[in-house]
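Participant: Return atomic coordinates for the entry below.
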Amino acid sequence: MAYSGRFFPSNPNKYSGDPTAIYYRSLWERKVMVRFDTSDDVIQWSSEEIIIPYLSPVDNKWHRYFPDFYALVETRDGRRSVLIEVKPHKQTMQPEVSKKVTKKYLNEVMTWGVNQAKWNAAREYCNKNGWEFKLLTEKELNIK
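Facilitator: Numbering: from 1, shown residues only. Predicted coordinates:
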């Protein structure tokens, strides 16, 4: 999942932001970009264009969270806005308590705490704006 690069949309008019400066940080993100760019039900989309402040539980300081995607989609019930984060399923689950405290375990716990703070801030932001917040993992992206 560590591949990154520039994305060149075939429908740049659908991109909200600078369509010449779109970067993906994983092939999973690239897959989402291709879907947004080519799907008729996606009216508008952007990547890391929205900034949401959040309080980190690690250092108790305010930081800026840039969710992976925003999409305005057409549904049977009308248009809706969705904020999307793409993550491995493992990072969406609380780490199992370990009897042995290792660097790996501490990193997993810190990552979990920071992700929870980011996602709670994103949910709050979405609630205020009448949007939906979604986490997409390899399961939703049909990646094995």
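Participant: contacting residues for the closest residue to Phe66 other than its chain neighbours?
Facilitator: Distance criterion CB to CB, 6 or more residues apart in numbering; nearest residue to Phe66, sequence neighbours excluded, is Glu48 at 4.2 Å. (Glycine included, C-beta is placed from N, CA and C.) Counting by CB atoms under 8 Å, 6 or more residues apart in numbering, Glu48 touches Phe66, Pro67, Asp68, Phe69.
Participant: okay if I get these as JSON lines plus pLDDT and distance to Phe8?
Facilitator: Listed next are these as JSON lines, based on pLDDT from 0 to 100; distance: CB to CB, whole Å:
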{"residue": "Phe66", "pLDDT": "98", "distance to Phe8": "21"}
{"residue": "Pro67", "pLDDT": "98", "distance to Phe8": "22"}
{"residue": "Asp68", "pLDDT": "98", "distance to Phe8": "18"}
{"residue": "Phe69", "pLDDT": "98", "distance to Phe8": "17"}
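Participant: ok, back up a step: okay, the residue nearest to Phe66 and Ile84: tell me how far apart.
Facilitator: According to CB to CB, to the nearest Å, Glu48 and Ile84 sit 11 Å apart.
Participant: Grab the longest strand from the protein for me.
Facilitator: Looking across the chain with DSSP state E, the single longest strand is strand 78-86.
Participant: quick revisit: Produce a ChimeraX select command limited to the buried residues of the contacts of Glu48.
Facilitator: ChimeraX command restricting the contacts of Glu48 to the buried ones, with burial defined by 16 or more other CB atoms under 10 Å:
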select :67,68,69
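Participant: Confirm that Gln116 sits in a strand.
Facilitator: No - counting by DSSP: H, G, I helix; E, B strand; the rest coil, Gln116 falls outside a strand, being helix.
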